[in-house]
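S.K.: sequence and predicted structure, then a few things I'm wondering about:
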Amino acid sequence: MSLERHPDHEPRRRFSPLLWMASLAAIAVLALGITGTLSQFTASITNTNNEVETAGPEAFGFSESLVVDGAPQTPECAVASAGDSVNCDTINKNGAVGSPATPIAPGGVRATTVRLANTATGPSGLAGDLSLSVEPCTQDPQVGLANPANNDVAAGDLCAATQVTVACDSNPEFSVGPVSLTAFATGSPYTIAAAVSPDGFVNCTFTTTLPATATAVNLQGITTSQPMTWTFTQTV
């Protein structure tokens, strides 16, 4: 038997691992060359100094002082910096020159002036808007209850009978009243002044009157109370 050789069937070619690795290396070198070339068309700028800063407590705040003969008294009744909530308990706005309550007769008048001042200091000092909130008037004894100071006669409504007027030298000027202490609370809050600048101030005068017509005996021996809150808000 003889073996015939067919010329159209050639032996398989073997792929050399060395040749495969050489091909990969060539591709890697080519890729690096292309990347290096493309990087010449990329530019960047990084901002490294991006910050947010708030002003310190010295940059915002206000104070309340009693004013006598046109001059604010020292020390102030209260000073509030940013975030503070403090009390002023030595000025009676319904009294005479801020003094504690004394018996007022029909036709009597009491007046007190206070100064609200922007206490901001330094180059970052901020302006503020001033407003006043008034709580409902209460009295002792309550309306309709027996009043020992008046032979147990039922107490009348002194909050409704007493009138108050408020005038502030803001720009523009602010005023309200005369209104009863009851209505004074109903109309609250009041916008007193806008954008009070650092070192600026507003004077407000409270005039309290018991009308001469309030002669009913059931208004004797009664004491009213009406807290008020000043709010100073940074001007936007």
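M.R.: Happy to help now that I have it.

S.K.: so how far is stretch 229-236 off the chain centroid?
M.R.: Stretch 229-236 has its average C-alpha position 5 Å from the chain's average C-alpha position, going by CA atoms, centre = their mean, to the nearest Å.

S.K.: contacts for that stretch, please.
M.R.: Around stretch 229-236, the neighbours that count as contacts under CB atoms under 8 Å, 6 or more residues apart in numbering are 60-62, 64, 80, 82, 116, 118, 126-133, 135, 189, 194-196. To be clear about C-beta, it is placed using only N, CA and C from the backbone, and glycine gets the same treatment.

S.K.: same question for that stretch, mean pLDDT?
M.R.: Averaging pLDDT along stretch 229-236 yields 94.

S.K.: in the protein, which spans are strands?
M.R.: 61-68, 71-72, 78-81, 109-118, 128-134, 138-140, 146-147, 153-154, 163-168, 174-180, 190-196, 201-209, 223-225, 228-234 (DSSP state E).

S.K.: now do stretch 89-99, average pLDDT.
M.R.: pLDDT averaged over stretch 89-99 gives 97.

S.K.: can you list the low-confidence ranges for the protein?
M.R.: When residues are selected by pLDDT under 70, those of the chain lie in 1-39.

S.K.: my guess is residue 204 meets residue 192, correct?
M.R.: Yes - here residue 204 reaches residue 192: they are 6.9 Å apart, a contact under CB atoms under 8 Å.

S.K.: between those two, which contacts overlap?
M.R.: 116, 132, 168, 174.

S.K.: number of nearby residues for the first one?
M.R.: Close neighbours of residue 116, defined as other CB atoms under 10 Å, add up to 23.

S.K.: just give the nearest non-adjacent residue to it, would you?
M.R.: Nearest in space to residue 116, with sequence neighbours left out and distances taken as CB to CB, 6 or more residues apart in numbering, is residue 202 at 5.0 Å.

S.K.: for that neighbour, give me its contacts.
M.R.: Residues near residue 202 by CB under 8 Å, 6+ apart: 115-117, 130, 168-170, 192-193, 196.

S.K.: highest neighbour count among the residues you listed?
M.R.: residue 130 (25 neighbours).

S.K.: mind checking how far that residue is from residue 92?
M.R.: To residue 92, residue 130 is 20 Å away according to CB to CB, to the nearest Å.

S.K.: one more: residue 189?
M.R.: 21 Å.

S.K.: cool, and residue 159?
M.R.: Using CB to CB, residue 159 is found at 16 Å from residue 92.

S.K.: those two: which has the busier surroundings?
M.R.: Ranked by neighbour count (other CB under 10 Å), residue 159 and residue 92 place residue 159 first, with 21 against 18.

S.K.: for residue 166, see how far away the closest residue in space to residue 163 that isn't next to it in sequence is.
M.R.: Distance criterion CB to CB, 6+ apart; nearest residue to residue 163, sequence neighbours excluded, is residue 178 at 4.2 Å. Relative to residue 166, residue 178 is positioned 10 Å away (CB to CB).
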